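>>> I'll drop the sequence and a predicted model, then ask my questions.
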Amino acid sequence: MNYPQENIKPYGSEGRKAPQVERMFDNIAHKYDLLNHMLSMGIDKYWRRKAINWLQPFAPKQIMDVATGTGDFAILAYRMLQPDKVIGTDISEGMMNVGRDKVEKYNLSDKIHFIREDCTSLSFESGKFDAITVAFGIRNFEDLDKGLREMQRVLCPGGHLVILELTTPERFPMKQLFAIYSKIVIPTLGKLLSKDKNAYSYLPQTIKAFPQGEVMKEAIAKAGFSVVSFERLTMGICTLYTATK
């Protein structure tokens, strides 16, 4: 199935989406954490903790954090769950280099590893991981269905998937407030601080276009997952999706 956000690209319609996304995140890597926490007003930290709390009863030992970016989710997952290993994967070396500096600073280089991977064609063997997490990156997939199928493939039977993604609120007044915030505040601050006007125009567009709620739940189930559910957080600004293989 072709989803609307798959056709949105940061730097124009020519060429594939994935190389453009890679270039964009390489460009903004040095300011990504600052902007991420500022634009979410720090609420993203609560969302991450809630997602990882869902995994705690299952005590996963091998975790892959897809679209790991600068590694915040991978680091928090290790601290809260104490697995044997966390592998962070991303197409942007610029983002992962920031993550590598963090894990070295926290003396976690032997527990958290970063590997450049295309989420639609993972190099890992089937059934390798107990849990897979994706925080605020799945809407950047070039092919959502293929990415979901690949994550299902590399999960072990009974393994768990956790996805956090920004979504468009459905109810008044948050729907109207978020529309103004995403159209004006996010692009303006992004341009000022990251110096890449395209990146922070692209990101709000993908939030609006990305499948939400029941549509996303159906896409996850179609990829081979069971017990799929979702929960809207902070009046619908973010949605937590969970599933089991």
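Perfect, I can see it now. Residues are numbered from 1 along each chain as shown.

>>> For the top helix by length along the chain, buried residues please.
Using DSSP state H, we find that the single longest helix of the chain is helix 17-39. Across helix 17-39, burial judged by 16 or more other Cβ atoms under 10 Å covers 17-18, 20-33, 35-36, 39. In short, each C-beta sits where N, CA and C put it, glycine included.

>>> which helices and strands sit right next to it?
helix 43-55, helix 93-105, helix 186-194, helix 199-209 (3 or more Cβ pairs under 8 Å, 6 or more residues apart in numbering; DSSP states H and E).

>>> Just want the angle from the first one to helix 17-39.
Orientation check (axes from the mean of the first three to the mean of the last three Cα atoms, to 10 degrees): helix 43-55 against helix 17-39 gives 110 degrees.

>>> Could you tell me the least trusted of the helices and strands packed on helix 17-39?
Note on these: helix 186-194 shows the lowest mean pLDDT, a mean of 77.

>>> how about CSV for the helices and strands packed on helix 17-39, with distance to residue 236 added?
CSV is the format used below for the helices and strands packed on helix 17-39 (distance: least, Cβ to Cβ, whole Å):
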stretch, distance to residue 236
helix 43-55, 12
helix 93-105, 27
helix 186-194, 16
helix 199-209, 11
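
>>> Deepest-packed of the ones you listed, please.
Highest mean neighbour count of the helices and strands packed on helix 17-39: helix 199-209, a mean of 20 (counted as mean count of other Cβ atoms under 10 Å).

>>> and it, what does it pack onto?
helix 17-39, helix 186-194.

>>> switch the cut-off to 10 Å
Contacts defined by 3 or more Cβ pairs under 10 Å, 6 or more residues apart in numbering; DSSP states H and E place helix 199-209 against helix 17-39, strand 155-166, helix 174-180, helix 186-194.

>>> Show the contacting residues for residue 239.
Neighbouring residues of residue 239 by Cβ atoms under 10 Å, 6 or more residues apart in numbering: 47, 163-168, 210, 212-213, 216-217, 230-233.

>>> Wait, a strand at it?
Yes - assessed with DSSP: H, G, I helix; E, B strand; the rest coil, residue 239 lies in a strand.

>>> which non-adjacent residue is nearest it?
Nearest non-adjacent residue to residue 239, counting by Cβ to Cβ, 6 or more residues apart in numbering: residue 167, 4.5 Å away.

>>> Please indicate which of the contacts of residue 239 are buried?
Using 16+ other Cβ under 10 Å as the burial test, the contacts of residue 239 include 47, 163-168, 210, 212, 216-217, 230, 232-233 as buried.

>>> for these, which one is nearest residue 185?
Lowest distance from residue 185 to the buried ones among the contacts of residue 239 (Cβ to Cβ) belongs to residue 166, with 13.8 Å.
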